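Novice: Just to be clear, the model below is a prediction. Sequence and coordinates:
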Number of protein chains: 4
Amino acid sequence: MYSFKNDYSEGAHPRILNALLESNLVQADGYGEDQFSRKAVDLLKEKMGRPDVDIHLLSGGTQTNLIAISAFLRPHEAAMAASTGHILGHETGAIEATGHKVLSIEAKNGKLTPSDVEKVLEGHPDEHMVKPKLVYISNSTEIGSIYNRSELIQLSDFCKKNQLFLYMDGARLGSALCSEGNDLQLSDLPGLVDAFYIGGTKNGALLGEALVICNDSLKEDFRYHLKQKGALLAKGRLLGIQFLELFRDNLFFELATHANKMAVILRNEISKGDIPFLTHSPSNQIFPILPNALITELEKKYLFHLWEKVDSDHSAIRLVTSWATKEEEVLAFIVDFKKFK
Amino acid sequence: MYSFKNDYSEGAHPRILNALLESNLVQADGYGEDQFSRKAVDLLKEKMGRPDVDIHLLSGGTQTNLIAISAFLRPHEAAMAASTGHILGHETGAIEATGHKVLSIEAKNGKLTPSDVEKVLEGHPDEHMVKPKLVYISNSTEIGSIYNRSELIQLSDFCKKNQLFLYMDGARLGSALCSEGNDLQLSDLPGLVDAFYIGGTKNGALLGEALVICNDSLKEDFRYHLKQKGALLAKGRLLGIQFLELFRDNLFFELATHANKMAVILRNEISKGDIPFLTHSPSNQIFPILPNALITELEKKYLFHLWEKVDSDHSAIRLVTSWATKEEEVLAFIVDFKKFK
Amino acid sequence: MYSFKNDYSEGAHPRILNALLESNLVQADGYGEDQFSRKAVDLLKEKMGRPDVDIHLLSGGTQTNLIAISAFLRPHEAAMAASTGHILGHETGAIEATGHKVLSIEAKNGKLTPSDVEKVLEGHPDEHMVKPKLVYISNSTEIGSIYNRSELIQLSDFCKKNQLFLYMDGARLGSALCSEGNDLQLSDLPGLVDAFYIGGTKNGALLGEALVICNDSLKEDFRYHLKQKGALLAKGRLLGIQFLELFRDNLFFELATHANKMAVILRNEISKGDIPFLTHSPSNQIFPILPNALITELEKKYLFHLWEKVDSDHSAIRLVTSWATKEEEVLAFIVDFKKFK
Amino acid sequence: MYSFKNDYSEGAHPRILNALLESNLVQADGYGEDQFSRKAVDLLKEKMGRPDVDIHLLSGGTQTNLIAISAFLRPHEAAMAASTGHILGHETGAIEATGHKVLSIEAKNGKLTPSDVEKVLEGHPDEHMVKPKLVYISNSTEIGSIYNRSELIQLSDFCKKNQLFLYMDGARLGSALCSEGNDLQLSDLPGLVDAFYIGGTKNGALLGEALVICNDSLKEDFRYHLKQKGALLAKGRLLGIQFLELFRDNLFFELATHANKMAVILRNEISKGDIPFLTHSPSNQIFPILPNALITELEKKYLFHLWEKVDSDHSAIRLVTSWATKEEEVLAFIVDFKKFK
């Protein structure tokens, strides 16, 4: 069975494994102070044209979210997130486990607007409630949508005006930045958010997320938090080597572009069959609403997530593509889709 | 400069990288539910002859310690450790960050005895103090010593009698079990401790520790803790594949044996020069006490840790060997040692 | 200005102050081990006919909630509460600060049903989410409603069947048990909930809540949690003496009955003016929906909370009565209400 | 049996109870925003000549310590304390429960010096260890000693120079400031420490500690922390009224002076018998080293703590006096002491 369940079903892009092989017996310092990690960090700063940001390499998204958010907030401060936000429902209360409430906001398309956040602020006027302080957004979001430049600027301005931190979960940032309709660039982000991360795990690495801290006030002593939460790998080189390989040319963006291209084929072909989608998603996750009978047929040959029941005869499924998705499997899926429809 | 600073200066044993390459494009489930991790866990159980233990694969030692200890203890309970214990002075308060005090015990050779622990219990009689509940030991210890079977049995019996959990940090368990004088086997451990981990990172893996939970009462819901603390890797396969390779034959023990053998050469040759050692350490870390002038000369060609000042003219250094330590470098070091002595 | 803002505007019932005076120079042990606290605890057990429960005296509701819930739950477990629940919006994230998520449930009348809880369970199937474990209810609720026996039995049965803890916040338990329509008795509670507290602060004491732990598995070492969270008063006698006085005869219930009686007068008289109420509340809090112009007039002479805007011309206010509410002030309020209506 | 066990064996000074009685039926706002608390805070500022400090009234010492320290520190920062410090051994890991390590310093007489602290800083050079940030001292200390002005100035200067917070636990500050040999005044403290508290519970109040925050950077949002940790009493007036009464004239100092005077009598008379003391303690706690046979006799008529075994025939006991200690009981004790000696 071929899997469209997620974008982390395979190992790493071959170039990454090769980079690990080539550097394997070179001795290096531990805990992220190795030459590879230093170079990777410098390279990323250069790519963004921002030598002043701080960059740390971590192992996964939940780890990055919990360390960043708990380092940024004082004990009485809370994060805010769209109700679909990964930190709300898919990280086992990781943020709360560090002592901070996450306030849920019902939001269209998984995205937050200044007015969404303003309502939360109005509802938290005094010390009998937590103090909302950090706005968590994902790009692309958990339901495949992306922020365009104007939306992000508005949110960023609102946060600055209200002394809020704006934090972007970039587990699928590659796909977002390479999506049709995207008008943001990696180099735009440091000016718009206080911190964000560039997801490697879901875009071709074995593991690895690059946390970029843009706001000076959030930089101090950050490595202490990494160590305290178990995120400093003894062989930090493993992360450095991978990010070096992803960014020394355009590999990172090429992999995301491939993933998106595979999703476009799926979306276009499925759309032709008068199939509606749960949400508009220009990135590497799509959510077609299919007749249950068709789903049953497809499940015999493909793996994917049943996302939600829509009515008694239809459900939305989630199809995810990745750097490793094979075009022939996409085409085979389309053939089967048409056959059983 | 050749480094004897630690046992994580290189990447992974070539067989491990090769295993990653071979399995790279096979699709697998995420978060440790993949076929490789399942097989690795089964293999480890088989090697120990204990199908009833629970095994989880994690990324590093600090992460494993903090998740295990915080999952095992109730909020008012404390861990106890030798003052040299890694959780006391080298993990940035990771255990305290989860809410638990670590009680420090001055101990000879980095090892705890029943009488050490008993004194702590006597000093904590009521609810105005934390309740000592978990005994943390390392094998080999942070200063290279190892527990023999009789010592571990005594400690284990004492803990059982006093309803204490006994937890073994096995970051360097491979080296301990392959040390001269060791009379413990991997398969002995589940009967003697409540939980322990088998360190991969310091014995040839890119990263990876296998936490073995032996006490039934500590098993329930453990994956929740992994996820909550950011330890469930999306590509958990990365850990599974490595442990499979380390244990499908004797690679794990062969690598540790090599590391120990290199340490034996260093120890023997240094000893011949009437050089004392800070502590008796049969494993892959040794702590010779050298004249400062000699240290200065050696530092020009080798990397190692200056461990502690002994008197105005002498200091102890730490030399660590590993699976990757080259015998010719060891011999070169000995030559230089003799030349400058 | 006379205040109907809350039920803690005055000091303590004179009999309580008198009891403090009479015992003042008697020497007693500290930290709740004094003769008064012991007697109070025994008396409460006797009143409930349950010598087997454990009872601890604490200073306030938030303190009691956070200590109980954090002591009862393991790190990955979560509480569930109606969206109006005090722990959700009025305790500054106190529960989250101990590491636990509180799952919000939209509920009618501030009360939870088995079906409400079941939906939460269904939505939390695996370790990528917190494990819902404790159902938090208030009686009377934050909006004045009460649980009747049958509702509580159903919820209790559901919780037992699903291995959930049922915890009742009894900040206003006195008022609930003395409400019109109530068919529960204090002695019913230990059989129905795993823990609850009897609120003293809002029913005539200077401060004080009696936490009753009914489930044996939750009793062990509880005093450690009290001390660790700063809740063991050096002069614990202060709490013991007050509960002794409240329960040595029927004072506790008499005070609640008076508070309810004052609320009944307000409710009845306001109702006569064809004024709707936001919610049916038989206890000491009522929420009439008044024309804004009338509210403006009343605000000149009385203190009360503006609860919520209902439409452009009307808002709900909250009127709270207590053991100390003077009937003449209630009648004066009614006169003014009628005059300005 | 008359008790010299502690300074919280009785209720409150009669003037305090009287103040509660007189104000009892006056309506007041809740949660510390009442007129009494506001006046008490203003009065304390006036007494110190420091209108710029922030003052909060709390219920007990452990509560105050844990809230202050956890509010002041970032997650990776640690407190330092003398090994006798209350937060180290007598508060059930309350500080660790908020996530922060407490580093223990062996110290003479329970007091810390700049050189003690400097050694800790030197031992914590990087992010693999916690960052020592707050120096916790007690005055008087847990073993009765006091800081003189010069000692406190030196420590304060050192802390400022090293960006450390200096925090003083003033559970027995009254006794310290009224001790023989003391040359500090209450008004000196805001210039020397970043925060401290004035203990009411052990000096005549039913309960109550006044936390004074002197460092501007520590003031923001402090009431959120109070609420989050369950320390905002609904009837905060209870604390305000008591501090008003203690400080509207010299009652606070008179009570401490009485306690000290009783201790002086005990110390002088016991000294005459060639009895050594464990430590020099000019405040209300003394630690004579007595023959065990004598202790046995005294235990028949008096309550006190057996502090520690000194040799096979002698032990140190702790005698504590308070505002309520009766001179006739002190004299009776002396008579018995002489009789059995």
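Specialist: Okay, I see it.
Novice: which residue does the stretch 101-250 of chain A bring closest to chain B?
Specialist: A:G230 (3.0 Å; CB to the nearest CB). Every C-beta, even on glycine, is put in place using the N, C-alpha and C of the backbone.
Novice: A:L246 versus A:G208, what's the distance?
Specialist: Distance of A:G208 to A:L246, computed by CB to CB, to the nearest Å: 8 Å.
Novice: which neighbours do the two share?
Specialist: Counting by CB atoms under 8 Å, 6 or more residues apart in numbering or on different chains, the common neighbours of A:G208 and A:L246 are A:G200.
Novice: OK, contacts around the residue of the stretch 101-250 of chain A closest to chain B?
Specialist: Taking CB under 8 Å, 6+ apart as the test, what A:G230 contacts is B:59-60, B:62-67, B:94, B:229-231.
Novice: any idea which helix or strand carries it?
Specialist: Secondary structure assignment for A:G230, by DSSP states H and E: no helix or strand.
Novice: hmm, which of the contacts of A:G230 are the buried ones?
Specialist: Taking 16 or more other CB atoms under 10 Å in any protein chain shown as the criterion, what is buried in these is B:59-60, B:62-67, B:94, B:229-231.
Novice: close to chain B, is the helix or strand hosting A:L266?
Specialist: In this assignment (DSSP H and E), A:L266 forms part of helix A:251-272. No: shown here: helix A:251-272 not in contact with chain B (CB under 8 Å from any CB of the partner chain), separated by at least 14.1 Å.
Novice: Tell me which helix or strand comes right after that helix.
Specialist: Using DSSP H and E, the next helix or strand after helix A:251-272 towards the C-terminus is strand A:285-286.
Novice: Who are the packing partners of that following strand?
Specialist: helix A:251-272, strand A:314-320 (3 or more CB pairs under 8 Å, 6 or more residues apart in numbering or on different chains; DSSP states H and E).
Novice: Need the contact partners of the shortest one.
Specialist: Contact partners of strand A:314-320, identified using CB under 8 Å, 6+ apart, comprise A:4-7, A:263, A:266, A:277-278, A:284-292, A:295, A:298, A:304-310.
Novice: Please put the alpha-carbon coordinates of the helix holding A:L266 into PDB.
Specialist: Extracted as PDB, the C-alpha positions of helix A:251-272 are listed here (Å, rounded to 0.1, in the frame of the first residue of the first chain):
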ATOM      1  CA  LEU A 251      17.500  21.800  -2.200                       C
ATOM      2  CA  PHE A 252      15.100  22.900   0.600                       C
ATOM      3  CA  PHE A 253      12.900  24.700  -1.800                       C
ATOM      4  CA  GLU A 254      13.200  22.100  -4.600                       C
ATOM      5  CA  LEU A 255      11.900  19.500  -2.200                       C
ATOM      6  CA  ALA A 256       9.000  21.600  -1.100                       C
ATOM      7  CA  THR A 257       8.200  22.500  -4.700                       C
ATOM      8  CA  HIS A 258       8.100  18.800  -5.600                       C
ATOM      9  CA  ALA A 259       5.700  18.100  -2.700                       C
ATOM     10  CA  ASN A 260       3.400  20.900  -3.800                       C
ATOM     11  CA  LYS A 261       3.500  19.900  -7.400                       C
ATOM     12  CA  MET A 262       2.300  16.400  -6.400                       C
ATOM     13  CA  ALA A 263      -0.500  18.000  -4.400                       C
ATOM     14  CA  VAL A 264      -1.500  20.100  -7.300                       C
ATOM     15  CA  ILE A 265      -1.900  17.100  -9.500                       C
ATOM     16  CA  LEU A 266      -4.100  15.400  -6.900                       C
ATOM     17  CA  ARG A 267      -6.100  18.500  -6.300                       C
ATOM     18  CA  ASN A 268      -6.700  19.300  -9.900                       C
ATOM     19  CA  GLU A 269      -7.600  15.800 -10.900                       C
ATOM     20  CA  ILE A 270      -9.900  15.300  -8.000                       C
ATOM     21  CA  SER A 271     -11.500  18.700  -8.600                       C
ATOM     22  CA  LYS A 272     -12.400  17.700 -12.100                       C
END
